[in-house]
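**Q** Below: sequence and its predicted model.
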Amino acid sequence: MKATELLKKQHREVKAMFKKVEKTEDARGRKQLMEQITQALQLHTRIEEEIFYPAVRGLETRKAQEMIAEALEEHHVVDLVLKDLPNVDPDDERFEAKMTVLSELIEHHIEEEETEMFKLAERLGKDELENLAARMEARTGKGPMRGRQAA
Ligand SMILES: [Fe+2]
Ligand SMILES: [Fe+2]
């Protein structure tokens, strides 16, 4: 599997979780899903930042540098919303508003990664993309994550 395929798979999983939370009525279910989304997103953005983005940046084109810089800023905004979520009661209307904002942000971010960044990443070649996927998978399987470093 190529790195881009692994990341796309995780994108689909996260999108499915957002769909599910929209359809979930009870507060406890929503809170659980919110926790799942948080975990999935933290792991996903982390392996992108530690493994995938540096490889794309290594292509050393201006376009690659710009794309990575923008993506990192978007991750940062996602992080801010995620940090804020546990403070909001899932029954509060602000919870839904925050989930909607987060979902739209993620949609936009995923769209840019998949249409622009992943296309550019093809230049890394099949072998390198497979190698990156293996590294990301190994990273994913390593149990509980250490705390993220402050951005
Ligand atoms: Fe990302
Ligand atoms: Fe992503």
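**A** Happy to help now that I have it. Ligands and ions are numbered 1, 2, ... in the order given.

**Q** any idea which helix or strand carries the closest residue to Gln36 other than its chain neighbours?
**A** Nearest non-adjacent residue to Gln36, counting by C-beta to C-beta, 6 or more residues apart in numbering: Met17, 5.9 Å away. Backbone N, C-alpha and C define where each C-beta goes, glycine included. Using DSSP states H and E, Met17 falls within helix 3-23.

**Q** What helices and strands are in contact with that helix?
**A** With contacts taken as 3 or more C-beta pairs under 8 Å, 6 or more residues apart in numbering; DSSP states H and E, helix 3-23 sits against helix 27-47, helix 93-112, helix 118-121, helix 126-140.

**Q** contacting residues around the last one?
**A** Meaning helix 126-140. 1-7, 43, 46-47, 50-52, 55, 121-122, 124 (C-beta atoms under 8 Å, 6 or more residues apart in numbering).

**Q** hmm, back to that, tell me which of the helices and strands packed on helix 3-23 lies nearest to Glu70.
**A** For the helices and strands packed on helix 3-23, distance to Glu70 was read as C-beta to C-beta. The smallest value, 7.6 Å, belongs to helix 93-112.
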